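only geometry, no sequence info:
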């Protein structure tokens, strides 16, 4: 196990609602990245947080937003849910050190179903 | 633009067979990193290996081996003497620069490996 935890495990929402997903990073890691994985596809990068600031974003609309807290845990918020938001949401933590590229370690994911 | 192609959607083998999963990537970065992850039915992505673009040495870890060929932009993964527990979806990923100077992972679409007893 990586030590990255996510909650909840499963979630069912209806179109138009808002959802918050949570992630606790591995001890000692200071960077959290979020990915969306639709069924049968590879994960797609949503955004990354480092030292409580967004540090890069993929091709996702502003209704996808996030936070990182001083203890490096993170939240992913999605407003105005759409049916296409149904997916597995994966959180990954890593340690930024200088200019090195960090290996990302993933949590078990939150499966979101939008009805 | 960064791109990772895993042309094999699904592979089925019988236990003890060797199997190779293909990965081809595209990037303009001169320094980049390649990864393989395993995703069992539980859903969690399990890190297997990381390779940087300066290191073309092949690597072996137990029954797993990786062949990195920069000339063909390929990073293939071979499982020797496959076992039922190897059944999973395997993803190849490329660490590509974002505007912030940090790298995010670009994943391929994955190869589902089924190992039959």
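Here it is on my side, so go on. It should be emphasised that the depicted structure is a prediction, and the values quoted were computed from it without experimental measurement. Numbering: from 1, shown residues only, chains lettered A, B, ... in the order given.

and residue A:62, how many neighbours does it have?
Residue A:62: 7 surrounding residues under other C-beta atoms under 10 Å in any protein chain shown. The C-beta positions use only the backbone N, C-alpha and C, and glycine is treated the same way.

go on, the one 3 residues further on?
Neighbour count of residue A:65, defined by other C-beta under 10 Å: 17.

that one falls within a helix, correct?
No. Counting by DSSP: H, G, I helix; E, B strand; the rest coil, residue A:65 is located in no helix; its state is strand.

so the nearest residue to it once chain neighbours are set aside bridges to which residues?
Residue nearest to residue A:65 in three dimensions, not counting chain neighbours: residue A:77, with 4.9 Å by C-beta to C-beta, 6 or more residues apart in numbering or on different chains. Beta-bridge partners recorded for residue A:77 (DSSP bridges): residue A:20, residue A:65.

swap in residue B:25?
Bridge pairing for residue B:25 - DSSP bridges - gives residue B:4.

picking that back up, from residue A:27, how far off is the residue nearest to residue A:65?
25 Å (C-beta to C-beta, to the nearest Å).

where does chain B have low pLDDT?
Scanning chain B for pLDDT under 70 picks out B:98-102.

who in it is up against chain A?
Residues of chain B found near chain A (C-beta under 8 Å from any C-beta of the partner chain) are B:4, B:33, B:35, B:37, B:42-47, B:50, B:52, B:91, B:93, B:95, B:98-100, B:102-110.

just give me the residue right at the centre of chain A.
The residue lying closest to the centre of chain A (C-alpha atoms, centre = their mean) is residue A:34, at 2.8 Å.

list the contacts of it.
Residues in contact with residue A:34 (C-beta atoms under 8 Å, 6 or more residues apart in numbering or on different chains) are A:23, A:45-48, A:66, A:74, A:76, A:89-92.

filter these by proximity to chain B?
Restricting these to those touching chain B (C-beta under 8 Å from any C-beta) yields A:45, A:48, A:90, A:92.

among these, which two are most distant?
A:48 and A:90 (12.6 Å; C-beta to C-beta).

so which residues on chain A come close to chain B?
Near chain B, when you scan chain A using C-beta under 8 Å from any C-beta, you find A:2, A:33, A:35, A:41-45, A:48, A:50, A:55-58, A:88, A:90, A:92, A:96, A:101, A:103-109, A:111.

which of those residues count as buried?
The neighbour-count test (16 or more other C-beta atoms under 10 Å in any protein chain shown) marks A:2, A:33, A:35, A:42-45, A:48, A:50, A:55-58, A:88, A:90, A:92, A:96, A:101, A:104-109, A:111 as buried among those.
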